[in-house]
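A.B. asks: A structural model of the following input is requested.
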Amino acid sequence: MHRSRLSASAPCFGSVVVLRGELDLLTAPAADRLLREAAESHPGCDLLVDMREVTFADCAGLGPLACAARRARERGGTVTAMVTAPRLLELLAWTRISEVVAVLPSLDGTPQTESQPRPQPQPRPQPQGRQQPRKQPRPASAAGPAPAPGPGAPARRLPA
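C.D. replies: Numbers count the residues shown, from 1 in each chain. Now for the predicted structure:
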């Protein structure tokens with residue numbers, strides 16, 4: 001009779017961190033502390049960051065999220081951000097944080113992966129009426145003295 005040894009372990013659900021309000025240079029240290037504490041309380045587990053109530057974020061504010069992803073990866077875990085705001089989804093795409101953090105853009109639990117289209121950054125429209133003036137070439141007589149040649153430039157001959 002053959003006996004097999006089986007082992008089982010409890011599933012590791014990790015921690016959930018809910019971020020609210022503004023996520024910027026001023027609030028980034030507090031967000032980093034929260035994410036670090038959550039990751040250290042469940043090492044090697046997944047971390048879910050609920051960002052549905054974030055009203056504003058900039059690149060400095062997203063730094064703690066990228067650091068949390070690096071720390072989680074070093075410990076064998078992952079970081080998933082739950083984000084529903086289109087502007088925040090765009091910012092995650094622009095900063096490429098969505099490449100290291102799984103993003104749940106909807107509440108149905110479907111993670112956004114590389115195979116699914118990401119929001120593409122839209123070009124900024126130019127303000128109407130504020131066009132840059134064209135530079136007009138100066139006449140040779142008003143050009144002034146010729147600039148000195150740079151290193152390795154051929155010497156210029158002056159007219160006799």
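A.B. asks: make it CA atoms for all contacts and neighbour counts henceforth
C.D. replies: OK.
A.B. asks: partner strands of the longest strand along the chain, with direction?
C.D. replies: Determined from DSSP state E, the single longest strand within the chain is strand 47-57. Here strand 47-57 is paired, per DSSP bridges, with strand 15-23 (parallel), strand 79-82 (parallel).
A.B. asks: any idea of the pLDDT on Val101?
C.D. replies: At Val101, the predicted lDDT confidence score is 93.
A.B. asks: nope, Phe56 is what I was after
C.D. replies: 93.
A.B. asks: what bridges to it?
C.D. replies: Beta-bridge pairing of Phe56 under DSSP bridges involves Glu22.
A.B. asks: was I right about it contacting Glu22?
C.D. replies: Yes. Counting by C-alpha atoms under 8 Å, Glu22 is a contact partner of Phe56 at 4.6 Å.
A.B. asks: tell me if I'm right that Val101 and Cys67 touch.
C.D. replies: No. Counting by C-alpha under 8 Å, Val101 does not reach Cys67; the two are 10.2 Å apart.
A.B. asks: higher neighbour count, those two?
C.D. replies: A direct count of neighbours by other C-alpha atoms under 10 Å for Val101 and Cys67 places Val101 higher, at 22 against 15.
A.B. asks: mind putting the strands paired with strand 47-57 into a markdown table with distance to Ala38 and mean pLDDT?
C.D. replies: What follows is the strands paired with strand 47-57, written out as a markdown table (distance: least, C-alpha to C-alpha, whole Å; pLDDT from 0 to 100):
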| stretch | distance to Ala38 | mean pLDDT |
| --- | --- | --- |
| strand 15-23 | 6 | 91 |
| strand 79-82 | 11 | 92 |
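A.B. asks: please tabulate those strands in JSON lines, including the columns mean neighbour count.
C.D. replies: Formatted as JSON lines, the strands paired with strand 47-57 follow (neighbours: other C-alpha atoms under 10 Å):
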{"stretch": "strand 15-23", "mean neighbour count": "17"}
{"stretch": "strand 79-82", "mean neighbour count": "23"}
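A.B. asks: and Leu35, which of these is closest to it?
C.D. replies: Among those, strand 15-23 comes nearest to Leu35, with 6.9 Å by C-alpha to C-alpha.
A.B. asks: any residues touching that closest one, and which ones?
C.D. replies: For strand 15-23, contacts defined as C-alpha atoms under 8 Å, 6 or more residues apart in numbering pick out 31, 34-35, 38-39, 41-42, 45-58, 61-62.
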